[in-house]
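quick check, what structure comes out for this input:
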Amino acid sequence: MLIFFTLSLKLDGIVEEVIVEIDSFSQLKEAMKGKVFHVTSMESLLEIKKSGCFLNNLSENRSSWFGNTNGYFRNKGCISFFDYRKIDDCPEWLPGRCNPLDILRHDSMALLVIKPEAYLKLVVPGRRETSKERKMNLVPMIEVGIKSSLSLKLIECAYLVYKKSPATIK
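Predicted structure coming up:
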């Protein structure tokens with residue numbers, strides 16, 4: 001069973017509280033419906049908090065949890081996000097094509113939800129004109145990007161997802 005925790009990014013410290021327990025992609029989809037979020041490891045979350053912002057991975061100096069160096073947005077100098085604002089409008093099979101839970105190979109991960117005011121920065125994939133662009137991996141209707149960097153001030157909250165109780169994780 002997966003356990004969601006929320007992490008407050010307030011300057012006065014971190015507050016954790018249990019939000020909801022889930023054990024399937026459909027439950028995750030319901031919990032994240034209406035949100036735009038980035039998925040990362042706990043290690044990367046610490047780096048993001050330390051730097052005060054998200055940075056793109058154009059130089060590939062950080063490993064991709066999705067194991068993909070051929071991502072459309074990564075190659076465009078963007079940070080990739082899942083856009084679940086209109087998840088119900090997607091064909092039923094599409095959200096599962098790139099399931100955020102697929103990367104939960106370790107004990108934990110973080111889903112960082114952006115504030116609505118950051119939506120103006122979102123880049124939607126355009127028509128992929130060249131054969132090189134058509135070969136890049138992209139999940140249509142779900143994957144969006146933000147060019148270069150994004151300040152932590154534009155993060156609404158972070159859901160910390162654990163495969164098991166955090167007390168049992170070493």
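
tell me which other helices or strands the longest helix that the chain contains touches.
Determined from DSSP state H, the single longest helix within the chain is helix 42-51. Under the contact criterion of 3 or more C-beta pairs under 8 Å, 6 or more residues apart in numbering; DSSP states H and E, helix 42-51 touches strand 108-114. For the C-beta atoms, the positions are set from N, CA and C on the backbone; glycine is no exception.

what about this structure, any weak spots by pLDDT?
Where the chain drops to pLDDT under 70, the residues are 1-24, 57-68, 92-107, 128-129, 163-170.

what segments of it are strands?
Ranges of strands within the chain are 2-7, 16-22, 36-40, 53-55, 78-83, 108-114, 122-123, 143-147, 149-151, 155-162, based on DSSP state E.

buried deepest among those strands, which one?
Of those, the one with the most neighbours on average (mean count of other C-beta atoms under 10 Å) is strand 78-83, at a mean of 24.

and the longest helix of the chain with strand 155-162, angle?
For helix 42-51 against strand 155-162, the angle by axes from the mean of the first three to the mean of the last three C-alpha atoms, to 10 degrees is 150 degrees.

correct me, but residue 54 touches residue 79?
Yes - counting by C-beta atoms under 8 Å, residue 54 does reach residue 79; the two are 5.0 Å apart.
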